[in-house]
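**Q** I'll drop the sequence and a predicted model, then ask my questions.
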Amino acid sequence: VLIIGAGIAGAATARKLAEHGVRVTVLEAGNAAQAGSGNRQGLLYAKISPHDTEQTELLLTGYGYTRRLLEDLLPNSDVWGGDGVLHLNFDDSERKRNQA
């Protein structure tokens, strides 16, 4: 399997495939997990919907898995943290969403 990009998604995918005995090649222009991603905020968090949907369940499951993986692989690292995210209510719509 060829994976392009060694960000969070690419590295996690490569690792899981390798654990299952799949031969993996990862192409990365620089160092793994050191560049910007599609997430302009540059952090990992899930903005969970207040509605109990399959997508919400998938986000929560993926987030929990990633937290456990990082805690296992990088227990004393200062390059990631799980201290939370502050959501600011920048308008009435966002305030209602965050309250829900």
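**A** Cool, the structure landed. Residues are numbered from 1 along each chain as shown.

**Q** biggest helix in the protein by residues?
**A** helix 54-73 (DSSP state H).

**Q** list the helices and strands that one packs on?
**A** Where contact means 3 or more Cβ pairs under 8 Å, 6 or more residues apart in numbering; DSSP states H and E, helix 54-73 is packed against helix 8-19. All C-beta spots, glycine's among them, are computed from the backbone N, C-alpha and C.

**Q** quick check: neighbours of the next helix or strand after the helix it packs on in the sheet, parallel or antiparallel?
**A** Downstream of helix 8-19, the next assigned helix or strand under DSSP states H and E is strand 25-27. The pairing partners recorded for strand 25-27 under DSSP bridges are strand 2-4 (parallel).

**Q** what does the partner strand rub up against?
**A** Residues outside strand 2-4 that contact it (Cβ atoms under 8 Å, 6 or more residues apart in numbering): 10, 13-14, 24-27.

**Q** residues touching whichever helix or strand comes after the longest helix of the chain, excluding its own?
**A** Next helix or strand after helix 54-73 toward the C-terminus (DSSP H and E): helix 92-99. Residues from elsewhere that reach helix 92-99, judged by Cβ under 8 Å, 6+ apart: 50, 87-89.

**Q** pLDDT check: weakest of those?
**A** The pLDDT minimum for the contacts of helix 92-99 sits at His87, where the score is 72.

**Q** name the nearest residue to it, ignoring sequence neighbours.
**A** Setting aside the residues directly before and after it, His87 is nearest to Asn98 in space (Cβ to Cβ, 6 or more residues apart in numbering), at 5.3 Å.

**Q** per-residue pLDDT, the one you found?
**A** Looking at Asn98, its pLDDT is 78.

**Q** same question for Gly10.
**A** 86.
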